[in-house]
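Peer 1: following is a predicted model, sequence given first.
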Amino acid sequence: MRILIYTILILFSFCAKSQIITVHELPDSLYAESSSNPRTFDFVIDSSENIWLAIEGGLVKMDSDFNIIGYYSELNSELPHFYCQALAIDINDHVWVGSAGGVLAEFDGNETWTTYSPYYDVTGIEINSQNHVWFHSWNSGIAYYDRTNFHWYNTQNSEIPSDDTYDLEIQDDSIIWIATWDSGLVRFCNGDFSIFDTLNSNIASNKIYSIEIDTNNNIVYCGTDKGISFFDGNNWQNFECINKRLTQYKYKPLLVDSDNYLWFSYYSWSAKKNDEEHLLFRYKDNDCYSFNQEELCNLSFFSMIEIRNNKFALLDANSVTIIDFNNNIENGDVKGILSLYPVPATDRLYIESDVKMIQSINIRSIFGTVINNYNALNSDHFEININNITSGLYLLIVDYYDQTREYKTFIKQ
């Protein structure tokens, strides 16, 4: 089988690390021959660090080095449908596969397949600690399987506001968060539905593409067409990465990693200009890094897993991209000696260095556009008037006289 691999070495400025970005392109032979535009829909990792992929053509198993070690189709297994579009791993390390045609399958990883018929397409799966299988459908609401029966919730039999559900996440085993296409964010708990939309909350938009949950801090992240919305159970916070060249936007939270960084993808496009842009962000507090299109081979990601600490895999339509931060190199970047306040800032930003003299400060948008330069400072502190810049997330680059550099991000409110 042919697997194309592209490798790029890039400096990661904040952490004095390098990252290796490797793209594994899946061979065409895996996909269904009848498809004119075959794609991969989902992937998960089991307890042995095997990677399972749901593709238009079957189920693929890879080892932790992304060598293909198993392929299951309707022809060589009891997989009930070739069009696999959702995956999850249960507490027994069984693989659950959601397929087109209203089919749900459970595979023990060896030979045993069990097929269920929930009657609607399964487009996303989550499993709680009781091993109950929750799933959603793009046009039929949500459901769960309690190992005996299926229980459906849609607009005909419940207070869920929309049947067009795009994502589902479980918080603390008792709360189900649901992303809808046009009706905002929905919380389902103890049989009751609560709706958060632009009329009754500060959520950025009613169009929700995906959800991720920071379980350590009980924060729900929502990706919309107008930015990322944060909800801590009481208050909402929004930020938006605006690129005014283009007209339409999609933000997708992909993962909250083991260090509590939020990873999210950003896709913007303009049909009139025949132009588009793909970016990937890693964000926490005042630390943010954006991977640009060239670094990521112009790929657009819609799913992500953490293989182990500081090693990640991202999925696009026909490939798996690995980002590995476990490759330390020596470079001139430093961390931890610079302080910024207030956070967020409104009219003025104060910058202080604990031990080094600041030579220059550069403010850029997260897309790399230079906003302001301040040179020949020769000071360990500086005050910047930011009244003239629009609200949003910005990158601050500080050069010191000892030829080192530090990166920070700040939010202008």
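Peer 2: Structure received. Numbers count the residues shown, from 1 in each chain.

Peer 1: so who does the most centrally placed residue in the chain touch?
Peer 2: Taking Cα atoms, centre = their mean, the centroid of the chain lies closest to residue 254, which sits 1.2 Å from it. Residue 254 makes contact with 210, 212, 263, 264, 265, 301, 302, 303, 304, 314, according to Cβ atoms under 8 Å, 6 or more residues apart in numbering. (C-beta placed from N, C-alpha, C; glycine too.)

Peer 1: 10 Å instead, please
Peer 2: Shown in contact with residue 254 (Cβ atoms under 10 Å, 6 or more residues apart in numbering): 210, 212, 221, 223, 262-265, 280-282, 301-305, 312, 314-315.

Peer 1: restricted to strands, list those residues.
Peer 2: Of the positions in the contacts of residue 254, 210, 212, 221, 223, 262-265, 280-282, 303-305, 312, 314-315 sit in strands, assigned by DSSP state E.

Peer 1: now do the SS call for residue 48.
Peer 2: coil (DSSP: H, G, I helix; E, B strand; the rest coil).

Peer 1: separation between it and residue 147?
Peer 2: 24 Å (Cβ to Cβ, to the nearest Å).

Peer 1: what of residue 79?
Peer 2: Residue 79 is 21 Å from residue 147, where distance means Cβ to Cβ.

Peer 1: compare neighbour counts for the two and give me the winner.
Peer 2: Set side by side, residue 79 and residue 147 show more neighbours around residue 79, with 20 against 8, by other Cβ atoms under 10 Å.

Peer 1: list the contacts of the closest residue to the more buried one other than its chain neighbours.
Peer 2: Closest residue to residue 79 apart from its sequence neighbours, by Cβ to Cβ, 6 or more residues apart in numbering: residue 72 at 5.0 Å. Neighbouring residues of residue 72 by Cβ under 10 Å, 6+ apart: 52, 58-61, 78-79, 82, 84, 95, 97, 105, 107, 113.

Peer 1: ok, the residues you listed vs residue 134, which is closest?
Peer 2: residue 97 (14.9 Å; Cβ to Cβ).

Peer 1: now do the helix or strand harbouring the closest one: which elements does it pack against?
Peer 2: Assigned by DSSP states H and E, residue 97 belongs to strand 95-99. When contacts are defined as 3 or more Cβ pairs under 10 Å, 6 or more residues apart in numbering; DSSP states H and E, strand 95-99 packs onto strand 40-45, strand 51-55, strand 58-62, strand 84-89, strand 103-107, strand 113-116, strand 124-127, strand 133-137.

Peer 1: could I get the average pLDDT for the very next helix or strand once past the third one?
Peer 2: Scanning forward in sequence from strand 58-62, with DSSP H and E defining helices and strands, the next element found is strand 68-72. Strand 68-72 shows an average pLDDT of 94 in the prediction.

Peer 1: check stretch 149-159 too.
Peer 2: In this model, stretch 149-159 has an average pLDDT of 95.

Peer 1: ok, now stretch 91-108?
Peer 2: Per-residue pLDDT over stretch 91-108 has a mean of 93.

Peer 1: tell me the buried residues in that stretch?
Peer 2: Buried residues in stretch 91-108, defined by neighbour count with 16 or more other Cβ atoms under 10 Å: 94, 95, 96, 97, 98, 99, 102, 103, 104, 105, 106, 107.

Peer 1: what sits opposite the fifth one in the beta ladder?
Peer 2: Think residue 98. Judged by DSSP bridges, the bridge partners of residue 98 are residue 86, residue 104.

Peer 1: what's near enough to touch it?
Peer 2: Contacts of residue 98 (Cβ under 10 Å, 6+ apart): 41-42, 54, 81, 83-88, 104-105, 118, 120-125, 133, 135-137.

Peer 1: which ChimeraX command selects the buried ones in those residues?
Peer 2: Selecting only the buried entries of those in ChimeraX, with 16+ other Cβ under 10 Å as the criterion:
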select :41,42,54,81,83,84,85,86,87,88,104,105,118,120,121,122,123,124,125,133,135,136,137
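
Peer 1: where in the stretch 201-350 of the chain is pLDDT low?
Peer 2: 241-246, 273, 286-287, 292-295, 326-337 (pLDDT under 70).

Peer 1: about what we covered before: restricting to C-alpha, output the strand holding residue 97 in CSV.
Peer 2: This file holds the C-alpha atoms of strand 95-99, laid out as CSV (Å, rounded to 0.1, in the frame of the first residue of the first chain):
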residue,chain,number,x,y,z
VAL,A,95,-15.0,-0.3,18.8
TRP,A,96,-18.4,1.2,18.0
VAL,A,97,-19.0,2.1,14.4
GLY,A,98,-21.8,4.4,13.2
SER,A,99,-22.7,4.0,9.5
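
Peer 1: that one to strand 68-72, inter-axis angle?
Peer 2: 50 degrees (axes from the mean of the first three to the mean of the last three Cα atoms, to 10 degrees).

Peer 1: partner strands of the helix or strand that contains residue 177, parallel or antiparallel?
Peer 2: Taking DSSP H and E as the definition, one finds residue 177 inside strand 175-180. Here strand 175-180 has these sheet partners by DSSP bridges: strand 165-171 (antiparallel), strand 185-189 (antiparallel).

Peer 1: state the mean pLDDT of it.
Peer 2: pLDDT averaged over strand 175-180 gives 97.

Peer 1: what's the angle between that strand and strand 133-137?
Peer 2: Put simply, strand 175-180 runs at 20 degrees to strand 133-137, going by the same axes, to 10 degrees.

Peer 1: which parts of strand 175-180 are buried?
Peer 2: Buried positions in strand 175-180, judged by neighbour count with 16+ other Cβ under 10 Å: 175, 176, 177, 178, 179, 180.

Peer 1: still on that earlier bit, closest to residue 230 out of the buried residues of stretch 91-108?
Peer 2: Closest to residue 230, out of all of the buried residues of stretch 91-108 and judged by Cβ to Cβ, is residue 98, at 28.7 Å.

Peer 1: wait, residue 310 touches residue 322, no?
Peer 2: No: using Cβ atoms under 10 Å, residue 310 makes no contact with residue 322, being 11.4 Å away.

Peer 1: so what's residue 87 up against?
Peer 2: 41-45, 52-54, 59, 95-98, 124-125, 303.
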